[in-house]
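**Student:** predicted coordinates and the sequence they were generated for:
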Amino acid sequence: MEELADLIIRTAKNKGASYAEARLESTKSSGFVLKNGIAQVSGYDITKGIAVRLISNGSMAFGSTNILSKSSVTKLVESVIKSAKTSAPAAFKTEFSDENSEKDEYEVKQKIDVRTVSPAKKLSLLQDIDKAILGTKKSVPGRYLILGDEYVDKLFINSEGSRIKSIIPRTNFTYFTTLKENGSLIQRYWQYGASGGFETLTAMNLPKILSDEIITLSKNALEGIKPPKGELDMVLGPQIVGIVVHESAGHPGEADRILGREAAQAGESFLGINDVGKKIGSDKVTIIDDPAIGGSFGYYKYDDEGVKAKKRYLYKDGRIADFLHNRQSAAMTGTKSTASARASAFDREPLVRMANTYFECGKYSEAELITDVKKGIFMKTFMEWNIDDKRFNQKYVGAEAYLIENGKITKPVREPVLEITTPKLYSSVDAAANNIEFHAGSCGKGEPMQGMPVWFGGPSIRIRKVRLGNP
Amino acid sequence: MSILKKVLAECRKRGADDAIVSLERLQTTQVKFSNSKIITTENVDNVGLSIFIAVKKRIVLTTLREFSEQSALKSVKELLSFTKTLPKNKDYNGIAEGPFKYRNTKKYSLEIEEAGTKGIKQVSNAINKATKLGADRTAGVWETNYSTTELHTSGGVSAKEQGHSFYFSIRAFTAANNSGHSVCSATELKDLTVGNSVEEAITIAKMHSNPVKVTPGKYDVLFYPLAAANLIDNAAQSASIFAVESGLSFWADKLGSKVASNNFSLYDDASDDSGVGSRVFDAEGIPTKKVEIIGNGILKNYLHNTSTAKKYKTQTTASAGLISPEPVNLIVEGGNVNKDNIISEMTSGLVVTNLWYTRFQNSATGDFSTVPRDGLFLVKKGKLTPVKDARISDNLASMLMRVNKVCNDMRWIVGWEVSVPTKTPTLLINDVRVSRSVD
């Protein structure tokens, strides 16, 4: 099949393309759903397809097919060239930043190959989680558990000589639980994911995590008090810090958003392209995105434009440090790509995406952050969040949360609401702990939508003198 | 014999109680633009063979996007082995027994490459028109899909359909960075109202000049169709029996009960060919029909497939989804009120033209929030004043009980924030809670 990728490059060049790339992807995935203890339809998918992206007459065009024959692929390139030429008079003149051409092969190793684990064993993991939830003896009428894995074998080549082969297996687990307690329904959703084999799922200790959470949420519902009013301090746990950095540091730092490319879809950014160096928060705020974290859900060694991945500082010591770039946005702004181009499948164009975004650790323990709060809230997990399309106004509703009085956690608090602007949030950070955690998500962007595996995380952080929103 | 019939025969031969095999080809052409320039075109051609098998209440589903006749037949053997390792799904009750007669659909057809060329021309014209009307910049997408589906089942169903869909989305910005967004969709290119969308997006953007921060509180809110469709799309997910069983519906245990104001009726009508979600048959091959979800405020039906309908001793609504029954072509029944009259008579309220990032805190209760985007206006004695930085933090189930007026400006909406095509007019909803970030 690799010859089809080479055929794409040859045909594109012969037809006058100034740049061309081909991406051949083969994906095997399986999925299992347990709903209230009952196995729903299980299944697997096998996908193989090829994509071409090229620049002709200065305009960029993309195409893909999973009809993998020489004639089909040749026809695809011809149609993509035609689209590029037809659109050229009204098209943006695309250029790519100069990058090294790369030749490499890499594979994420698995201790237990996801393709060899029986369906029964995968389902039994979900059944163990379900049993653990029921073992709490709490009323949990909604238990919707999803387990999935994928094995992605990819070849990327371009007209500049890059040729990169990769194999990345990933696993993921997602759940929705609905707890009935004290006359209320409390709902929780979360996701876990990693790159690697089936061992990554068994290592997560999911039955204990979910059963512990049910017990905690039950206690919160029974004993929780209303959130206090007035100015207070907050300690935000790693889950919340993770979603915060993803939404209000990672997304606004995507250069394609800043340049307006996603204005009608994923939105824009409150940041301007000339904002590097501008103050965004206190000097305790350093936020990083790093695709190269081994075992991470967002792991890759080379992006989908063949650029070698590296650690990127988004915010450093409270200032805007850099943006996430692909080769197009880098060329538009006179810089280099930060290897941020990712496509969720062979039939999707690469876009500027995050990988693993996190708040850099501080020197304190979480307990020390709490000890130094006279009156405040420790918001450990959350139920709901959203943010405007410029990534400026955001909201997080606490799931597991506690009142802090004179440096001690005293009572559970029900549904505290943090509704705050991005500069206010980051300016209020006065300390970060050292208890870093990473959590998994499927980041949405693009049209059609591309759900991209990412990690987000960080340690607990403390923010001073904020006000809670109305519940 | 076609590959599908051979695969179906293999399923039967190897002992499947139920089997559904389908072949879908989806050809998509997109023209994306931003900063008033075309930024890329996309031509995507995807073929998929799906095989659903049930053996003694053990069910499996596969989609092969790489297959030959030989490998598809081999997959049947693998799937049958797969089922043996699974536990029974005691809730599974089979698939539809056919054959069925299907309605005739229009045979509109446009060669996909020709459609792409027309798309590039329409986008170029739209950008030029927007610029002439005063847009500083525009962004959006023009898209066409051409799909062909063939389906055969062990229940004696054989069905085929093909169809086009067209979709256009434009967000226009003024020099001061005020924005308006508009979308349109159609099943024939001549019905795609690109020009109207350009005008609407720019009109809203220009009106939204020098917005001031909104004051938090409760407002009567006029949701224009783009915003209303976002709410309806999210609410209608609660109508699927799968969502009800999963604890993800705020209409659980509400069948026959009042769930909306008397003037509110909601249908899922996959047989309405004007909507881009329309289809002749569902995933089991059952002819689609108009399904009343809410009639005059009363929850009339959950959405079912054959299996779930048997479990609840009711009739399928032809809404399969093999995994989950689902809405595909939603329609809010229009009223007879003109939205401009509502505004002129409004003493105090808000106009929301678009919504963004709608998320549930709890989909079993309907607690949620969503962020108004683009044109947002405070109404005082019939006069509009631009405002910004609002968030709607309310309960969606409760909001449907507070629908005060249903307008007459029905239109189809689909887009980045509205995944299920939804035909809706402007809705006036009372006492909506609006919050704002601390800064």
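**Tutor:** It's in.
**Student:** buried sites along the helix or strand of chain B with the lowest mean pLDDT?
**Tutor:** The least trusted helix or strand in chain B, going by mean pLDDT, DSSP states H and E, turns out to be helix B:69-84, with a mean of 92. Across helix B:69-84, burial judged by 16 or more other C-beta atoms under 10 Å in any protein chain shown covers B:A72, B:L73, B:S75, B:V76, B:L79, B:L80, B:F82, B:T83. (C-beta placed from N, C-alpha, C; glycine too.)
**Student:** could you look up the SS state of A:I243?
**Tutor:** Following DSSP: H, G, I helix; E, B strand; the rest coil, A:I243 is assigned to helix.
**Student:** for the stretch 201-350 of chain A, what lies in contact range of chain B?
**Tutor:** Contacts of the stretch 201-350 of chain A with chain B, taken as C-beta under 8 Å from any C-beta of the partner chain, map to A:L259, A:G260, A:R261, A:E262, A:A263, A:A264, A:Q265, A:A266, A:G267, A:D347, A:E349.
**Student:** quick one: contacts for whichever residue of chain A sits closest to chain B?
**Tutor:** Using C-beta to the nearest C-beta, the closest approach of chain A to chain B is made by A:G142 at 1.8 Å. By C-beta atoms under 8 Å, 6 or more residues apart in numbering or on different chains, A:G142 lies in contact with A:N36, A:F176, A:T177, A:T178, A:Q187, B:S246, B:G247, B:L248, B:A364.
**Student:** quick one: low-confidence parts of the stretch 151-300 of chain B?
**Tutor:** For the stretch 151-300 of chain B, no stretch is flagged by pLDDT under 70.
**Student:** what does it have sitting close to chain A?
**Tutor:** B:S169, B:I170, B:R171, B:F173, B:S179, B:H181, B:P216, B:F242, B:E245, B:S246, B:G247, B:L248.
**Student:** redo those residues as TSV? Include secondary structure and neighbour count.
**Tutor:** As requested, those are exported to TSV (DSSP: H, G, I helix; E, B strand; the rest coil; neighbours: other C-beta atoms under 10 Å in any protein chain shown):
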residue	secondary structure	neighbour count
B:S169	strand	24
B:I170	strand	29
B:R171	strand	29
B:F173	strand	24
B:S179	strand	28
B:H181	strand	28
B:P216	coil	18
B:F242	helix	23
B:E245	helix	23
B:S246	helix	23
B:G247	coil	24
B:L248	coil	22
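**Student:** widest-spaced pair of those?
**Tutor:** B:F173 and B:E245 (44.3 Å; C-beta to C-beta).
**Student:** how does the chain divide into domains?
**Tutor:** I'll assume chain A. Annotated domains of chain A cover A:2-223, A:231-467 [automatic domain parsing].
**Student:** the chain in question should be chain B.
**Tutor:** By the record's domain assignment, chain B is partitioned as B:3-206, B:210-435 (automatic domain parsing).
**Student:** how deep is A:G31 tucked in, by neighbour count?
**Tutor:** By other C-beta atoms under 10 Å in any protein chain shown, 19 other residues sit near A:G31.
**Student:** so it touches A:L147, yeah?
**Tutor:** Yes. Distance between A:G31 and A:L147: 7.2 Å, which falls inside the contact criterion (C-beta atoms under 8 Å).
**Student:** can you give me the first-to-last residue distance of stretch B:389-403?
**Tutor:** Terminal residues of stretch B:389-403 are spaced 24 Å apart (C-alpha to C-alpha, to the nearest Å).
**Student:** now check that stretch, is it near chain A?
**Tutor:** Yes. Stretch B:389-403 reaches chain A (C-beta under 8 Å from any C-beta) through B:D389, B:R391, B:S393.
**Student:** which elements pack onto the least confident helix or strand of chain B?
**Tutor:** Here helix B:69-84 touches helix B:3-13, strand B:37-55, strand B:58-65, going by 3 or more C-beta pairs under 8 Å, 6 or more residues apart in numbering or on different chains; DSSP states H and E.
**Student:** centre of the chain versus the second one, how much separation?
**Tutor:** Distance of strand B:37-55 from the chain centroid (C-alpha atoms, centre = their mean, to the nearest Å) equals 18 Å.
**Student:** give the buried residues for it.
**Tutor:** Neighbour-count burial for strand B:37-55 flags B:37-55 (criterion: 16+ other C-beta under 10 Å).
**Student:** hmm, that strand touching chain A?
**Tutor:** Yes. Legend: contact between strand B:37-55 and chain A by C-beta under 8 Å from any C-beta is shown at B:37-48, B:52.
**Student:** got it, and the last one?
**Tutor:** Yes. Judged by C-beta under 8 Å from any C-beta, strand B:58-65 comes into contact with chain A through B:I59, B:V60, B:L61, B:T62, B:T63, B:L64, B:R65.
**Student:** now do that strand: which elements does it pack against?
**Tutor:** When contacts are defined as 3+ C-beta pairs under 8 Å, 6+ apart, strand B:58-65 sits against strand A:42-56, strand B:37-55, helix B:69-84.
**Student:** of those, which is nearest A:F378?
**Tutor:** Closest to A:F378 of the helices and strands packed on strand B:58-65 is strand A:42-56 (C-beta to C-beta; 39.8 Å).
**Student:** give me the next element, helix or strand, following the closest one.
**Tutor:** Counting by DSSP states H and E, the next helix or strand C-terminal to strand A:42-56 is strand A:59-65.
**Student:** for that following strand, what is the average pLDDT?
**Tutor:** Average pLDDT, strand A:59-65: 98.
**Student:** for the residue lying closest to B:G415 once chain neighbours are set aside, what are its contacts?
**Tutor:** Spatially, and ignoring its direct neighbours in sequence, B:G415 is nearest to B:V183 (4.5 Å; C-beta to C-beta, 6 or more residues apart in numbering or on different chains). By C-beta under 8 Å, 6+ apart, the contact set of B:V183 is B:Y167, B:F168, B:S169, B:I170, B:S197, B:L226, B:I413, B:V414, B:G415, B:V418.
**Student:** how about TSV for those residues, with secondary structure added?
**Tutor:** Formatted as TSV, those follow (three-state DSSP):
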residue	secondary structure
B:Y167	strand
B:F168	strand
B:S169	strand
B:I170	strand
B:S197	helix
B:L226	helix
B:I413	strand
B:V414	strand
B:G415	strand
B:V418	strand
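**Student:** residues touching A:A90, list them.
**Tutor:** B:F33, B:K37, B:I38, B:I120, B:V123, B:S124, B:I127.
**Student:** angles on the backbone of the residue nearest to B:G415, please.
**Tutor:** Torsion angles at B:V183 (phi, psi; degrees, to the nearest 10) stand at phi -130, psi 160.
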